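> Sequence first, then the predicted structure, then my questions.
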Amino acid sequence: MADRNILLPVTVRDLADIVAETAAAGRRLEIRGGGSKAEIGALVRDAAILDLRAFAGVIDYDPAELVLTVGAGTPLAEVQALVAAERQMLAFEPFDHGPIFGRPAGAATIGGVVAAGVAGSNRLSMGAPRDHLLGFEAVSGRGEHFVAGGRVVKNVTGYDLPKLMAGSWGRLAAMTRLTLRLVPAGRTSATLILSGRSDAAAQAAMATAMRSTANVAAAAHLPAEVNAGRAVTAFRLHGFRPSVEARFAMLAGLLAAMGPVERLGEAEAGRLWRRLRDLSPLDDGQPLWRINVPPSGGCAVTSALAGQGARWLFDWAGGLVWLSFGGDAALVRRAAEAAGGHAMLVRAPAEHRALVPTLHPEAPGVAALSRRIRQAFDPAGVFETGRFPERPRAD
């Protein structure tokens, strides 16, 4: 990165000028916040780095209305600390990718996690970033400043651009500020675990829990192979203490027929959910895949790859499979598609990322629509750095 030009706009006008001049010159820009996810995607060589960390700080925070407007370059940790002081939280439980790449946490920015659509275990019950992004300010690939959405949950403007921007990976526009809906933090939490369950038995238990009225906030499964020989299926409940205790008792009774039920202490539960967030059980140096499937499809994916050196864990009640696998990428993608989902390559050596597309190849019609959307925001391809190359889909 030492030989790449780094641009540091400090105002929206600076940013718009940089983008317009870059487009006119036929060059490229790589949008970057803290760089915690810089190793996702193919290596970018000829694009200047557009560093947006100057767009940081709280612009408006109204705890009573559960609404926060903040600069996109604000560190995620600062945002989380700010709202936690008011007993509030970002519902989608975003996390810092640093530990996944062997680095300490602390670099991620709020704009980066929203642009990448990052959500933790609470995604199961609370939704994704796109569900909580009320509005934003950005500069398009045309060098045009624009604002979309607003400060309220329902904002009728003709187009729901916040949902389009969340998860766009900086391929449409450079966001400078975000307005996010918050939720009250749970006053109490409790974690229930089942031990020794097979993947199929764990999937059945998670399905049973999610069909119940226990209002489970998160459900995950660590197979024995990645958890020191002990398979653990975990369920987390949030809320006021009387409600949590009543729902815990109901869930424990419901799952008792499936195996021994145990309640984890607060410290032990915290360690368990942090291990799931940081993916430390899969820190084995192999390529890391993020596979999204219907919750009933998780076991189908892992069964297709069992016996080939793959290791995995389940989150989102089986709807998210984190897979460590150094074998043929085509096998992973075929397994994901057969289960009704898609697979994203998150971590791999640079030479591997140069050959394997990070994002799952889209069906031709969807790919054509995606290209038209990107071209509408960025006709000169300023943000098309080659980080996410398209490959023909084998249909």
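Nice, thanks for sending it over. Residues are numbered from 1 along each chain as shown.
> Name the secondary structure element that contains the closest residue to residue 250 other than its chain neighbours.
Nearest in space to residue 250, with sequence neighbours left out and distances taken as CB to CB, 6 or more residues apart in numbering, is residue 214 at 5.7 Å. C-betas here are computed from N, CA, C, even on glycine. Here residue 214 sits in a region with no helix or strand, counting by DSSP states H and E.
> confidence score at residue 214?
Looking at residue 214, its pLDDT stands at 97.
> Check residue 286 too.
Reported pLDDT for residue 286: 96.
> and the nearest residue to residue 297 once chain neighbours are set aside, how far is that from residue 120?
Nearest non-adjacent residue to residue 297, counting by CB to CB, 6+ apart: residue 339, 3.3 Å away. For residue 339, the distance to residue 120 equals 22 Å [CB to CB, to the nearest Å].
> what about the two, which has more around it?
residue 339 (23 against 19; other CB atoms under 10 Å).
> just to revisit the earlier point, what's the burial count for the residue nearest to residue 250?
For residue 214, using other CB under 10 Å, the count is 22.
> who touches it in this structure?
235, 237, 247, 248, 250, 251, 254 (CB atoms under 8 Å, 6 or more residues apart in numbering).
> Mind checking which of those residues land in strands?
Mapping these onto strands (DSSP state E) picks out 235, 237.
> For the contacts of residue 214, which two are the farthest from each other?
The span of the contacts of residue 214, defined through CB to CB, is set by 237 and 254 at 12.7 Å.
> Comparing the two, which residue is more hemmed in?
A direct count of neighbours by other CB under 10 Å for residue 237 and residue 254 places residue 237 higher, at 24 against 17.
> Next one, pLDDT for that one please.
Note for residue 237: predicted pLDDT of 97.
> beta partners for it?
Per DSSP bridges, residues listed as beta-bridge partners of residue 237: residue 190.
> ok, now which ones touch it?
With contact set as CB under 8 Å, 6+ apart, residue 237 has these partners: 189, 190, 191, 192, 214, 215, 216, 217, 244, 247, 248, 251.
> if you set the cut-off to 6 Å instead, what comes out?
Applying CB atoms under 6 Å, 6 or more residues apart in numbering to residue 237 gives the contacts 190, 244, 247, 248.
> Help me confirm that the first one comes into contact with residue 244.
Yes - between residue 190 and residue 244 a contact is recorded at 5.2 Å, counting by CB atoms under 6 Å.
> between the contacts of residue 237, which has the most around it?
Compared across the contacts of residue 237, residue 190 has the highest neighbour count, 22 neighbours, by other CB under 10 Å.
> of all the contacts of residue 214, which comes closest to residue 372?
Closest approach to residue 372 among the contacts of residue 214 (CB to CB): residue 235, at 42.5 Å.
> Where do the helices of the chain begin and end?
12-24, 76-84, 110-115, 123-126, 161-165, 199-211, 241-255, 266-278, 298-305, 329-338, 350-355, 364-377 (DSSP state H).
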